[in-house]
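Enquirer: Show me how the following folds:
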Amino acid sequence: MKTLNQLGAVLFIIVQLTQAVWAADDVLRIIAWHGYADADWVAEFERDHDVRIEVSFVESDDELWEKLSKNHGADYDVFAANTAELQRYISHDIAAPIKINKISNIKNQLPRFRETEKIAGLVHNGNLYGIPFTYSEMGLIYDSKQFKTAPTSMSALWQPENKGKIILYDGSNHNFSLAALLLEFSNPFQLSNDEMSKTVKKLLQLRSQNPMFYTGPEESIRMFLKHKAALMFANYGQQQLKQLQKTNSDIAYIIPKEGALAWLDCWGITVAAKNKSLAEQWINFTLEKNISAALSRRQGLPNTLLAGHLKEDDKIIWLEPSEDFALRSQYWERLRAGKARRQNNTSQ
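Expert: Next comes the predicted model:
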């Protein structure tokens, strides 16, 4: 009897140790934008897969890079990045190839998103590195009451009559590309030295506009309402539009005549992912019809399963990798350190 009791005790210890190891291994670490891993989705996935999820949210491409480049992405398993940013994670061996046959719900996507080889930035050396999840163009939101005639161009941000009433996204890459579009450069993502110099000068002109800056969509809404802004560069596009509409604000939205930059956010898996199979299951889970529909309903963002809001004649410029991300970031830090201000505390 004593032997049996001892054996039982040993078995109990083994089971406890095994469960501890299992629990440690079955943790999925996600880093993404707000709205991409809602609490109820996380709870459902944890329940169905008997795992635990740790979610970290970011509010800018710069912040995402800072976190993922540290320790070669070893702190995370799954991340969300747009196609242009994805190139950095591939070239720095942070992103791992994804086995498309493991993501069965791709069959639910629209053809343009299933044909991944036709989307710049997703395939490298024959390997797929990103699964499209959501997208949005970066249009212009304006207060209808402050305009007799609706603006048609992003150049309205530079107009003196809008001084002190404009809101910009606090991110280096997109602002350089936006200014380059206005300057009608052939490729706003690959600027020559001369084009870069002219783009810097264009952005410098915004200092006299005394703009406000935001990072997250919720922050931008608070800022727009509190300061009675006239114009906002909508980095989150339809997401911001939907949130402002809920406030019954008299606002409108345009795709400017120069065209709108547009991002396509994709799920990626890190090279250091502890459980790539679990990461693949999460990506597949987000492509289920009810999850993608919830994304659009809650965030106002188009999903890759249903036709979006874009018109046939809307000019969309999909994001591409920039010529020198670090240089753009360095320049931007200097540019916004002038008269431009950041409203960190919108309650004051």
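Enquirer: Now do the helices in the protein.
Expert: Here the chain has its helices, by DSSP state H, at 2-25, 39-49, 61-69, 83-91, 111-114, 172-182, 193-204, 217-226, 238-245, 276-286, 289-299, 325-335.
Enquirer: so which of those gets nearest residue 165?
Expert: helix 217-226 (9.9 Å; CB to CB). All C-beta atoms are positioned from the backbone trio N, CA, C, and that covers glycine.
Enquirer: For residue 266, which of the helices of the chain is the nearest?
Expert: Among those, helix 83-91 sits nearest to residue 266 (CB to CB), with 6.3 Å.
Enquirer: Outside of the closest one itself, which residues are in contact with it?
Expert: Helix 83-91 is contacted by residues 61, 64-65, 68, 73, 79, 81, 94-95, 119-122, 124, 129-130, 173, 189, 263-264, 266, 268, 318-322, 325 when judged by CB atoms under 8 Å, 6 or more residues apart in numbering.
Enquirer: Now, of these, which are buried?
Expert: Among the contacts of helix 83-91, the ones that count as buried by 16 or more other CB atoms under 10 Å are 61, 64-65, 68, 73, 79, 81, 94-95, 119, 121-122, 129-130, 173, 189, 263-264, 266, 268, 318-322, 325.
Enquirer: now residue 198, nearest residue through space, not along the chain?
Expert: Once flanking residues are discounted, residue 198 sits nearest to residue 183: 6.0 Å by CB to CB, 6 or more residues apart in numbering.
Enquirer: and the one you found, how far is that from residue 235?
Expert: Applying CB to CB, to the nearest Å, the value for residue 183 to residue 235 is 20 Å.
Enquirer: out of those two, which sits in the busier spot?
Expert: residue 235 (25 against 15; other CB atoms under 10 Å).
Enquirer: Can you report phi and psi for the more buried one?
Expert: phi -60, psi -30 (degrees, to the nearest 10).
Enquirer: Residue 139 is in contact with that one, correct?
Expert: No. Contact criterion CB atoms under 8 Å: residue 235 and residue 139 do not qualify, at 9.7 Å.
Enquirer: So what's the residue count around residue 330?
Expert: Neighbourhood size, residue 330 [other CB under 10 Å]: 12.
Enquirer: Next: residue 255.
Expert: When counting by other CB under 10 Å, one arrives at 20 neighbours for residue 255.
Enquirer: what about the spatially closest residue to it that is not a sequence neighbour, distance to residue 198?
Expert: For residue 255, ignoring the flanking residues on the chain, the nearest one in space by CB to CB, 6+ apart is residue 314 at 4.6 Å. Distance from residue 314 to residue 198, counting by CB to CB: 27 Å.
Enquirer: just checking, residue 315 touches residue 255?
Expert: Yes. Counting by CB under 8 Å, residue 255 is a contact partner of residue 315 at 6.7 Å.
Enquirer: then the lengthiest strand in the chain to PDB, C-alphas only?
Expert: If you go by DSSP state E, the chain has its longest strand at strand 260-270. Taking Å, rounded to 0.1, in the frame of the first residue of the first chain, the C-alpha atoms of strand 260-270 are listed here in PDB:
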ATOM      1  CA  ALA A 260      -5.000  58.700 -50.800                       C
ATOM      2  CA  LEU A 261      -2.300  56.600 -49.300                       C
ATOM      3  CA  ALA A 262      -3.700  53.300 -48.200                       C
ATOM      4  CA  TRP A 263      -2.400  50.600 -45.900                       C
ATOM      5  CA  LEU A 264      -3.100  46.900 -45.900                       C
ATOM      6  CA  ASP A 265      -2.500  45.400 -42.500                       C
ATOM      7  CA  CYS A 266      -1.500  41.800 -42.400                       C
ATOM      8  CA  TRP A 267      -0.800  39.200 -39.700                       C
ATOM      9  CA  GLY A 268       2.800  38.000 -39.500                       C
ATOM     10  CA  ILE A 269       4.600  35.400 -37.400                       C
ATOM     11  CA  THR A 270       7.900  36.000 -35.700                       C
END
